[in-house]
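Trainee: Make a model of this:
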Amino acid sequence: MVRVGGGMCRGTCSASFEYSSDDFVSCVQMTDMTLAVSNSGKTFTMNSSMHSTSTAYKFRVTSGAKDFGGGNSVSTHTVSYTTQ
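Mentor: Reported below is the predicted structural model:
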């Protein structure tokens, strides 16, 4: 499990891990968020107390992120979801 704390993305989107509800026009500061990886690295579970209900969010991992071996991510990955 990885705990993502403050300052990774605040206002403008320029971090390795970005979290947005407006298609990355601006980013939400990630505080008190946990990420769990399972299923041989194929499943990521994100838990946060800062979600608003009925809101579409995107979480982006940029090429600046490091993998478990310390190498840079080859490409940017974005996941979209809507809270209930």
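Trainee: so where's the protein shaky on pLDDT?
Mentor: Per-residue confidence of the chain (counting by pLDDT under 70) places the weak regions at 1-12, 31-32.
Trainee: Okay, strands next: where are they in it?
Mentor: 2-4, 17-20, 33-38, 43-48, 56-61, 77-82 (DSSP state E).
Trainee: deepest of the ones you listed, which one?
Mentor: Across these, averaging neighbours per residue (mean count of other C-beta atoms under 10 Å) puts strand 17-20 on top, at a mean of 20. All C-beta spots, glycine's among them, are computed from the backbone N, C-alpha and C.
Trainee: Can you name every helix or strand that it contacts?
Mentor: Counting contacts by 3 or more C-beta pairs under 8 Å, 6 or more residues apart in numbering; DSSP states H and E, strand 17-20 packs against strand 56-61.
Trainee: middle-most residue in this protein, spatially?
Mentor: The chain has F59 as the residue nearest its centroid, 3.9 Å off, counting by C-alpha atoms, centre = their mean.
Trainee: quick one: contacts for that one?
Mentor: F17, E18, Y19, M46, T78, V79, Y81 (C-beta atoms under 8 Å, 6 or more residues apart in numbering).
Trainee: What values do phi and psi take at the residue lying closest to T53 once chain neighbours are set aside?
Mentor: Of all residues not flanking T53 in the chain, T83 sits nearest, at 5.6 Å (C-beta to C-beta, 6 or more residues apart in numbering). Per-residue torsions, T83: phi -80, psi 160 (degrees, to the nearest 10).
Trainee: Return the residues in contact with T83.
Mentor: H51, S52, T53, S54, T55, Y57.
Trainee: Measure how buried the third one is and give me the count.
Mentor: In this case it means T53. Look at T53: counted by other C-beta atoms under 10 Å, it has 7 neighbours.
Trainee: I'd say it and Q84 touch.
Mentor: Yes. The pair T53 / Q84 is scored as a contact, 6.7 Å apart, by C-beta atoms under 8 Å.
Trainee: In this structure T55 contacts Y19, no?
Mentor: No. T55 lies out of contact with Y19 (C-beta under 8 Å); the separation is 11.7 Å.
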